[in-house]
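>>> okay, here's the prediction I keep looking at, along with the sequence it came from:
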Amino acid sequence: GSSKADPLAEEDEQPQHMLELPTYWIGKTEVTNVQFRPFVEGDGYTNRAYWDDAGWQWLNSLERDRPGCWDDRQWNGDNLPVVCVSWYETMAYCRWLSAQTGQEFRLPTEAEWEKAARGNDGQIFPWGDTWDVQLTNGAESGIGQTTMVGQYPGGASPYGALDMAGNAWEWTSSAYKEYPYNSGDGRDDLRRPAETTFVLRGGSWFDRNSFNFRTADRLFLSPNYYDIHRNVGFRLARNT
C-alpha cells in the first residue's frame, strides 16, 4: 500500500503495512497472444475441466470461443500481450497450462503482484520513485495500443519483471477488499467468483494519469468483464 506522505495515494491503498510472503515465481512478461493461441485452437474453450461453474455458465451464455478482440490484427500480434480476456478466461488458461505442463500455474495474488513490481523497499514505480514516461507504454507515449512485451527494459522491476507499469492492466486472483491485506479474510477464496470483484494492477496503454502506473494503485472489475478498451491482460505465477 501507500503511506499518507504520498500525495497520489488513494484511500483504498491505506494503511501501508508489511507482509511476509512465501517464495513464488512470477512471469517476466504478460502472457502473449502466441502463448495463448494453443488454448484457443485446442480445447481451451470446449473442455469443461478448465472452467469453474460460474465461468462455464458465462462462457456458454455468450457462446464465446476466443478473446473478444482475437480476430483483430491490431491486437493479435504474436508478441503482444493477449487482451480482451475476462478473469474467467485467465483462470481457465491457468488450468489448461497446468494440465499441459504438469506444473501448477495460477494468477498471482494482489500481494504477490505488488511485491514483484516494487521490491522490498516500497518504491512508487517499478523502476523507482520518479515518474518517467519513457519507461512505460501509457497514453503519453502516443502509441495508442499495446506494444510487444519487454519493449521497456529500463522500466523493469527490482526482480526483473517487465511491463508491470503500462501496456495492459493485469488480473490478479485476489478479491477487492480493504487493507490491511489478510489472506485469511476470504480475499483469496476463489469458490464464489460470480459474487466477487477482482483486483487488477499495473495501468495500461490507455491510461493518461501517472498514478495508475504506481505499484500500489488498485483497479477492480467483475470477473465477466471482457474489455471494451482492449487494455486488460494477465501474467502467470506459480509456487516454487
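Received it, and whenever you're ready, just let me know what you need.
>>> could you pull out the helices in the protein for me?
33-41, 53-62, 87-101, 110-118 (DSSP state H).
>>> what's in contact with the longest strand seen in the chain?
Across the chain, the longest stretch assigned as strand under DSSP state E is strand 169-175. Strand 169-175 has contacts (C-beta atoms under 8 Å, 6 or more residues apart in numbering) with 30, 85, 87, 90-91, 106-113, 164, 186-190, 196-204, 219, 231-235. C-beta: built from backbone N, CA, C; applies to glycine.
>>> drop anything exposed from these.
30, 85, 87, 90-91, 106-113, 164, 187-188, 190, 196-204, 219, 231-235 (16 or more other C-beta atoms under 10 Å).
>>> tell me which of those residues fall in strands.
Per DSSP E, these map to strands at 106, 198, 199, 200, 201, 219, 232, 233.
>>> can you tell me which two in those are farthest apart?
Largest separation among these by C-beta to C-beta: 106 and 219, giving 19.7 Å.
>>> any idea how far the residue nearest to the spatial centre of the chain lies from residue 234?
What sits nearest the mean C-alpha location of the chain, by C-alpha atoms, centre = their mean, is residue 170, with 1.6 Å. Distance, residue 170 to residue 234, by C-beta to C-beta, to the nearest Å: 5 Å.
>>> any common contacting residues for those two?
With C-beta under 8 Å, 6+ apart as the test, residue 170 and residue 234 both reach residue 30.
>>> residue 1 touches residue 15, doesn't it?
Yes - the pair residue 1 / residue 15 is scored as a contact, 6.5 Å apart, by C-beta atoms under 8 Å.
>>> neighbour count: those two, which is higher?
residue 1 (21 against 11; other C-beta atoms under 10 Å).
>>> what sits against the more buried one?
If you count contacts by C-beta under 8 Å, 6+ apart, residue 1 has them with 9, 13, 14, 15, 16, 17, 179, 181, 216.
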